[in-house]
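Participant: predicted model follows, preceded by the sequence.
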Amino acid sequence: MTTRVRFAPSPTGYLHIGSARTALFNYLFAKHTGGKFLIRVEDTDQQRSTEESLASILDGLKWLGFAHDEKIVFQSDNAEKHRVTALKLLQEGKAYRDFTSKEDRSITDIKKDIADKARKQGRDKDMRDNEYRVLPKEESDKRAKNGERFAIRLKVATTGKSSFEDAVYGLQERDYADIEDLVLLRSDGHPLYNLAVVCDDIEMNISHVIRGQDHITNTHKQILIYEALGEERPTFAHLPLILAPGGKKLSKRIHGEIVSMTAYRDAGFIAGAFRNFLALLGWSAGEEQEIYSLEELIEKFSLDRINQSNATFNFDANNERRWTDDKAIWMNAEYIRTMALDGLVPLVREELRNEKLWREEYDDDEKQWFESTVDLIRERFYTLKDFSEQGRAFFSEDFDYDKNAIEKNLKKHPDLRTWLPELAEKFEGLEDFSHDEIFAAVKDFCEEKSTKVGVVLNGTRVLLTGQGVGPSMVSVIEQLGKDKTVMRLKSQVAWNE
RNA sequence: GACCGGUUCGUCUAGGGGUCUAGGACACCGCCCUUUCACGGCGGCAACACGGGUUCAAAUCCCGUACCGGUUACCA
């Protein structure tokens, strides 16, 4: 039997980082086993589902490279089937009509209420305490016929327990006494989550359900539905959660953009790097390797190597440099430094285009220069943004000077104000503006002035690139070329800042 | 509250009775390299939640406690 898994987002928001990892693990498992990766949109809650949300989720999945194998299933399209299923269970006496009228309250009120009520309840609460559970069939039929509104609830056994072997957490058990007679169909006729999920998973022939461990209690309920339906259940694998620092829930309301996948794309992350980072959050191959290509992840992935404890996604909202997890940033830098130039160049092109720094010549006459520039400056960059920010001076005359760099590398050595234009003149006289020639000129110059090479090079770096740090300075000079180098060394702009 | 999970360096993790004076990665700190800097190389700091058992031997198995998380809807 080939494996079939599904990623089932509900389109009520952006693609959450935790959902992205769930999608990743589903994808890796499918590809590892030669199976299918499907997408099902859980849009039963029509009130909260939006088109934009769906578009942004699909966008995020596409960016991460998770192509789905079959047509996307929309859960709302199957509502009729779900209804028929609920009615069937009612017919068979496995479910019953609940005529209790629905309370009409706002979602936040309900949430608060549930929390309050739950805190007061102990285990002695009888989950079967519903007068309609034992209402004679004739009576129930009669009231329904009279047009009385009702919800359909599953009749959960009074004694016994539900159990399943989780691929990650092992044997899971729950007493029936702790499970309420869950509602399958709302009184307005809309199917509810647990029913819809089970029906669709059966319909889609899903072999493995891989989802967050916040669904474990749902799984017990869903198993009850599988059993009532007489259907075989899939293998379940629950994933540990990704938490915010301090072990709290990671939410957009509290933590902002950091939880949204698109924030990473917009911040200049490489999809492969982020995927790599996500894969190692809750899973490891059990070896001392950190960088994995998608192919390697697929080859090495297995459910039994998934961790059972929740992971903390580490970041510091008050520190600009630590806006997201250190390791994620490091990994992105690692990818930028080491990935094939062929792969990086198009990404840089896009970044420069977005920032209006792109020139068509970079794809034509200046292709070689452009590629060697990217190769030179990528060495110390962390994100694609750095190409248009720290690296801006390579692509435009309109760049800023780093304040600290000016102070530390320029103004601390006032002589540089006259020296650097002098150095420019020296450069002007050079025949071929090569690495060796440039270096020799700088060395000569420093001897003349009896100063350290570092002082001159650091000052030069500020005037040429606006930065305090970067690749080998002589290479930078060579890469910029004689004209720009001379012009910028003579400029007084930085001195006047 | 109840039910269900979890707990190894600050963070991600390896380890599943002896090979653990607990390994790797990120971050941090030092040194070296680079006649300059946030690259690179080398090194350092730093963890088995606690208490009982079982065993010749426990980070690893069992029990309890603490703490953290999940769930507890006619939401998904």
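Facilitator: Perfect, thanks for sending it.

Participant: and A:Val73, what are its phi and psi?
Facilitator: phi -100, psi 130 (degrees, to the nearest 10).

Participant: from RNA strand B, how far off is it?
Facilitator: 12 Å (CB to the nearest atom of the strand, to the nearest Å). For the C-beta atoms, the positions are set from N, CA and C on the backbone; glycine is no exception.

Participant: could you give the bridge partners of that residue?
Facilitator: A:Arg40 (DSSP bridges).

Participant: and it, how far from A:Lys221?
Facilitator: 21 Å (CB to CB, to the nearest Å).

Participant: over to A:Tyr169?
Facilitator: 17 Å.

Participant: cool, and A:Gln289?
Facilitator: 40 Å.

Participant: neighbour count for the two, which is higher?
Facilitator: Neighbour count, other CB atoms under 10 Å: between A:Gln289 and A:Lys221, A:Lys221 has more, with 21 against 11.

Participant: so how far is whichever strand or helix holds that one off the chain centroid?
Facilitator: Assigned by DSSP states H and E, A:Lys221 belongs to helix A:216-229. Distance, stretch centre to chain centre, for helix A:216-229: 29 Å (CA atoms, centre = their mean, to the nearest Å).

Participant: is any residue of it near RNA strand B?
Facilitator: Yes - with CB under 7 Å from any atom of the strand as the measure, helix A:216-229 is seen reaching RNA strand B through A:216-218.

Participant: burial count for A:Ala333?
Facilitator: Residues lying near A:Ala333 (other CB under 10 Å) number 19.

Participant: got it, and A:Leu229?
Facilitator: Neighbour tally, A:Leu229, other CB under 10 Å: 18.

Participant: what's near enough to touch it?
Facilitator: A:85, A:89, A:198, A:202 (CB atoms under 8 Å, 6 or more residues apart in numbering).

Participant: quick one: contacts for A:Pro240?
Facilitator: A:168, A:213, A:282, A:306-311.

Participant: pull the lowest-mean-pLDDT helix or strand in chain A out as CSV, backbone CA atoms only.
Facilitator: Within chain A, confidence by mean pLDDT, DSSP states H and E is lowest for helix A:107-120 among all helices and strands, at a mean of 72. Taking Å, rounded to 0.1, in the frame of the first residue of the first chain, the C-alpha atoms of helix A:107-120 are listed here in CSV:
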residue,chain,number,x,y,z
ILE,A,107,-16.4,33.2,20.3
THR,A,108,-14.4,35.0,23.0
ASP,A,109,-17.2,34.7,25.5
ILE,A,110,-17.4,31.0,24.7
LYS,A,111,-13.7,30.6,25.2
LYS,A,112,-13.7,32.3,28.5
ASP,A,113,-16.7,30.3,29.7
ILE,A,114,-15.1,27.0,28.7
ALA,A,115,-12.0,27.8,30.7
ASP,A,116,-14.0,28.9,33.7
LYS,A,117,-16.4,26.0,33.7
ALA,A,118,-13.6,23.5,33.0
ARG,A,119,-11.7,24.7,36.0
LYS,A,120,-14.6,24.0,38.3
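
Participant: now the element after it, going C-ward?
Facilitator: Under the assignment DSSP H and E, the closest C-terminal helix or strand after helix A:107-120 is helix A:137-145.

Participant: the residue of chain A most remote from its centre and A:Val474: what is the separation?
Facilitator: Farthest-out residue of chain A from its mean C-alpha position, per CA atoms, centre = their mean: A:Glu448, at 55.7 Å. Look at A:Glu448 and A:Val474: by CB to CB, they are 18 Å apart.

Participant: just A:Leu480 next, same as before
Facilitator: Going from A:Leu480 to A:Val474 by CB to CB gives 11 Å.

Participant: in the stretch 301-450 of chain A, which spans are strands?
Facilitator: A:311-312 (DSSP state E, counting those that start in this stretch).

Participant: RNA strand B contacts on that one?
Facilitator: Residues of the stretch 301-450 of chain A lying near RNA strand B (CB under 7 Å from any atom of the strand): A:305, A:307-312, A:314, A:325-327, A:329-330, A:337, A:379-380, A:382, A:390, A:439, A:443.

Participant: swap in the stretch 151-300 of chain A?
Facilitator: Proximity of the stretch 151-300 of chain A to RNA strand B is confined to A:151, A:169-170, A:172-175, A:178, A:180, A:183, A:186-188, A:190, A:192-194, A:213-218, A:240-241, A:243, A:245, A:247-249, A:280-282, A:284, A:286, A:288, A:290 under the rule CB under 7 Å from any atom of the strand.

Participant: narrow the residues you listed to those in strands?
Facilitator: If you go by DSSP state E, those have A:151, A:170, A:172-175, A:183, A:243, A:248-249 in strands.

Participant: ranking these by neighbours, who comes first?
Facilitator: Counting neighbours by other CB under 10 Å, A:Ala151 leads these with 23 neighbours.

Participant: thought it was touching A:Leu182?
Facilitator: No - taking contacts as CB atoms under 8 Å, A:Ala151 lies outside contact range of A:Leu182: 10.1 Å.

Participant: any idea how far A:Leu64 is from A:Leu58?
Facilitator: 11 Å.

Participant: and these two? Which one has more around it.
Facilitator: A direct count of neighbours by other CB under 10 Å for A:Leu64 and A:Leu58 places A:Leu64 higher, at 23 against 18.

Participant: for that one, report the pLDDT, please.
Facilitator: Note on A:Leu64: pLDDT of 97.

Participant: cool, the one 10 residues further on as well?
Facilitator: A:Phe74 is assigned a pLDDT of 96 by the prediction.

Participant: so it sits right up against A:Asp43, yeah?
Facilitator: Yes - the pair A:Phe74 / A:Asp43 is scored as a contact, 6.0 Å apart, by CB under 8 Å.

Participant: more neighbours: those two, which one.
Facilitator: A:Asp43 (21 against 18).

Participant: sec struct for that one, please.
Facilitator: Here A:Asp43 takes the coil state, with states given by DSSP: H, G, I helix; E, B strand; the rest coil.

Participant: state the distance from it to A:Leu185.
Facilitator: 17 Å.

Participant: do the same with A:Ile477
Facilitator: A:Ile477 is 74 Å from A:Leu185, by CB to CB.

Participant: buried subset of the residues of the stretch 301-450 of chain A next to RNA strand B, written for ChimeraX?
Facilitator: A single ChimeraX command is used to select the members of those judged buried by 16 or more other CB atoms under 10 Å:
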select /A:310,311,312,325,329,382,390,439
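
Participant: tell me what the host helix or strand of A:Asp483 is packed against?
Facilitator: Element membership of A:Asp483, judged by DSSP H and E, is helix A:482-490. Contacts defined by 3 or more CB pairs under 8 Å, 6 or more residues apart in numbering; DSSP states H and E place helix A:482-490 against helix A:416-428, helix A:453-465.

Participant: which one of the ones you listed is the most hemmed in?
Facilitator: helix A:453-465 (a mean of 22; mean count of other CB atoms under 10 Å).

Participant: roughly how far is that one from the heart of the chain?
Facilitator: Centroid separation for helix A:453-465 versus its chain: 39 Å, with CA atoms, centre = their mean.

Participant: right, I'll leave it there.
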